[in-house]
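1. build me a model:
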Amino acid sequence: MSIRALARDLYKARQEVERLQKMLQEAPPGERDGITQELRAAQKELEILRKMLDGEKESGSFRKRFTGFGGRKL
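-> Numbering: from 1, shown residues only. Next up, the predicted model:
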């Protein structure tokens, strides 16, 4: 997946987390359990996307620096 696509998904996931947090604050006590579960799932997805994006950034810079084994450039 490209960095641009990951960044777009990360942005959408962040918006979803913020929306659910706002809903949780305004929700009556009877509805909070369901919203809390949705919020946890959205936060997990956000964290996974963050890690994926960080991994993509790191691997990209690593590939530029890595000259390969035996001095050959990959």
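
2. what's the burial count for residue 42?
-> Counted with other C-beta atoms under 10 Å, the neighbours of residue 42 add up to 19. Every C-beta, even on glycine, is put in place using the N, C-alpha and C of the backbone.

3. per-residue pLDDT, it?
-> Residue 42 carries a pLDDT score of 97 in this model.

4. then residue 4?
-> So residue 4 comes in at 90 (pLDDT).

5. secondary structure element for it?
-> helix 3-26 (DSSP states H and E).

6. do residue 52 as well
-> Using DSSP H and E, residue 52 falls in helix 32-65.

7. helices or strands next to that helix in the packing?
-> helix 3-26 (3 or more C-beta pairs under 8 Å, 6 or more residues apart in numbering; DSSP states H and E).

8. report the buried residues of the helix it packs on.
-> 6, 9, 10, 13, 16, 17, 20 (16 or more other C-beta atoms under 10 Å).

9. now swap in stretch 34-49 and tell me
-> Those would be 35, 38, 39, 42, 45, 46, 49, for stretch 34-49 by 16+ other C-beta under 10 Å.

10. before we move on, the earlier item: pick out the lowest-pLDDT one from the buried residues of helix 3-26.
-> Out of the buried residues of helix 3-26, that is residue 6, at 90.

11. for the closest residue to that one other than its chain neighbours, give me its contacts.
-> Spatial nearest neighbour of residue 6, excluding adjacent residues (C-beta to C-beta, 6 or more residues apart in numbering): residue 53 at 4.5 Å. Residue 53 sits next to 3, 6, 7, 10 when contact means C-beta atoms under 8 Å, 6 or more residues apart in numbering.

12. now do 10 Å
-> 1, 3, 5, 6, 7, 9, 10 (C-beta atoms under 10 Å, 6 or more residues apart in numbering).

13. residue 2 versus residue 18, what's the distance?
-> 24 Å (C-beta to C-beta, to the nearest Å).
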